[in-house]
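> give me the fold of what follows.
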Amino acid sequence: MASDVLPLDIQELQTRLAQSEKERELLKCRDADTARRLRSIAEGKSVSFFWDEVLKDCKAILPDAYVTLLMRAEGQEWALMRHDDINTQLLTPNSSAVKLPASLNTFSQSPSCPIRQESNIQHASDWAIWHAFLAANNFTDAVMLNINEPHSGAYLMLVLQHEMPPLDDVKHLILKGSVELIEAAALREHTDQLLLEKGHFDPQTDLLRAFSFKQSFSMVLKDSRRHFMRVALISLKLRGTLTSHDDAQLKDIAGKIQTAVRDNDLVAYYGDGEFVMGVCIRNMQDAEVVASKLIKAISAPGSESNRLTKDGIRIGIAYYPEHSSLDDLHRAAEYAANSVPDVFGYRIEFHGAIYTTSSEFYTF
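Next comes the predicted model:
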């Protein structure tokens, strides 16, 4: 009896050994890919780039499965990370949104549950709104994976197949690695975005930095040339002496400046107590209106508590097209600001001369 059983045992052992060898090779390849993927994350590759890596990994462990990735859009809506002939069947008519079945929606709201496998979903009532899609593609089973990156939002990875066997430890490990890869890429994307935004804004005032202002103002000048529009560059200089502890005072001044200009006007902090504004105008007097608003906002009752404005401000105005570059405009506006004799006041540079008001330009 034992001799009859032995060949079967050997055959089973050989099958398990072959499976183990296959799994070992799979894990060996995964480990070899890890260093390359870490470099790719360090280089700032996108979530979309790593999704191709995830699809390759899933193909190795579940060759008959279909895999797709959903990302949370505005509000509670979900959207496809990448479109193909299968997942586009899920789109709501005349919309780019995907409506989740009840089971998947409940799972998406349980970030503490990273993975779940369900069978016979083509008959399950809580998958009802996808029954036609599941039947059309002969999907009966699903593996759902929550991918939660707290800063950049949530993703849902969905693996669909006809009669999928229960996941073993190796498949769990590969899918868990896929989730972690997408999470890491999403975190890197969010960090890059933060660095980009912070790089454009001055931390003391939350206004544009000088180099960001220059980039944006060059577009303003380009549009002004195309549409024959006027632009005023305004330089506002504080008379008070700055110290290393004036962040709150500078932020207070920045807030008051923003109340005096329009939302689409450019405002920057150039450092050393100088604020610079780029303002599109219809006529020259418009810039004087802005200068008067700035003085009113900064010298309003109660502003005495700000040490930096107690000694006053001086404002200089220069115009495009009288000056055709930002450097020339800034030099002219600084010249005008430095010519202000009043505690609170403005002056205008026009063709090399300093004026109190634009009405003086053409007096004979």
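
> tell me which element K251 is part of?
K251 is part of helix 247-260 when elements are defined by DSSP states H and E.

> try L70
Here L70 is assigned to strand 66-72, by DSSP H and E.

> what's the answer for H83, then?
Per DSSP H and E, there is no helix or strand for H83.

> tell me the pLDDT at it?
As predicted, H83 sits at a pLDDT of 92.

> residues near it, how many?
Counted with other C-beta atoms under 10 Å, residues neighbouring H83 total 12. Using the backbone N, CA and C atoms, a C-beta is placed for each residue, glycine as well.

> what's the first helix or strand after the strand holding L70?
strand 78-80.

> quick check: which helices or strands does that next one pack against?
Under the contact criterion of 3 or more C-beta pairs under 8 Å, 6 or more residues apart in numbering; DSSP states H and E, strand 78-80 touches strand 66-72, strand 97-98.

> now these in JSON lines, with mean pLDDT, distance to S218 and mean neighbour count?
Below are the helices and strands packed on strand 78-80 laid out as JSON lines (pLDDT from 0 to 100; distance: least, C-beta to C-beta, whole Å; neighbours: other C-beta atoms under 10 Å):
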{"stretch": "strand 66-72", "mean pLDDT": "92", "distance to S218": "34", "mean neighbour count": "19"}
{"stretch": "strand 97-98", "mean pLDDT": "90", "distance to S218": "38", "mean neighbour count": "19"}
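
> select, out of those, the one closest to A18.
strand 66-72 (25.7 Å; C-beta to C-beta).

> show me where the stretch 251-364 of the chain has its helices.
Using DSSP state H, counting those that start in this stretch, the helices of the stretch 251-364 of the chain run over residues 285-298, 307-310, 326-338.

> the shortest one - what's its average pLDDT?
Going back to what we said before, that points to helix 307-310. For helix 307-310, the per-residue pLDDT averages 90.

> what does it contact?
For helix 307-310, contacts defined as C-beta atoms under 8 Å, 6 or more residues apart in numbering pick out 238, 240, 242, 246, 249-250, 253, 273, 298-299, 303-304.

> which among these count as buried?
238, 240, 246, 249-250, 253, 273, 298-299 (16 or more other C-beta atoms under 10 Å).

> count the residues that sit near the residue nearest to K251 when sequence neighbours are not counted.
Spatial nearest neighbour of K251, excluding adjacent residues (C-beta to C-beta, 6 or more residues apart in numbering): T205 at 5.7 Å. When neighbours are counted by other C-beta under 10 Å, T205 registers 22.

> quick check: T205 touching L250?
Yes: using C-beta atoms under 8 Å, T205 is in contact with L250, at 5.2 Å.

> which neighbours do these two share?
Y269.

> burial of Y362, as a residue count?
For Y362, the count of nearby residues is 7 (other C-beta under 10 Å).

> check S40 too.
Number of residues near S40 (other C-beta under 10 Å) recorded here: 19.

> and K296, how far is that from L194?
Taking C-beta to C-beta, to the nearest Å as the measure, K296 falls 36 Å from L194.

> before we move on, what about I41?
Between I41 and L194 the distance, using C-beta to C-beta, works out to 16 Å.

> neighbour count winner among these two?
Each of I41 and L194 has its neighbours counted (other C-beta under 10 Å); I41 has more, 16 against 11.

> picking that back up, with distance to N338 added, can I get the helices and strands packed on strand 78-80 in CSV?
Shown next, in CSV, are the helices and strands packed on strand 78-80 (distance: least, C-beta to C-beta, whole Å):
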stretch, distance to N338
strand 66-72, 53
strand 97-98, 57
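
> looking at those, which is nearest to Y155?
Of all those, strand 66-72 comes closest under C-beta to C-beta, at 5.0 Å.

> give me the helices and strands touching the closest one, please.
helix 47-61, strand 78-80, strand 153-161.

> and those, which is most packed in?
Of these, the one with the most neighbours on average (mean count of other C-beta atoms under 10 Å) is strand 153-161, at a mean of 20.

> by mean pLDDT, flag the weakest helix or strand of the chain.
When the helices and strands of the chain are scored by mean pLDDT, DSSP states H and E, helix 2-42 comes last with a mean of 69.

> where do the domain boundaries of the protein fall?
Using automatic domain parsing, the domain parsing of the chain gives 22-197, 210-360.

> turn the ones you listed into JSON lines, including distance to T15.
Formatted as JSON lines, these follow (distance: least, C-beta to C-beta, whole Å):
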{"stretch": "domain 22-197", "distance to T15": "11"}
{"stretch": "domain 210-360", "distance to T15": "64"}
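
> many thanks, we can stop here.
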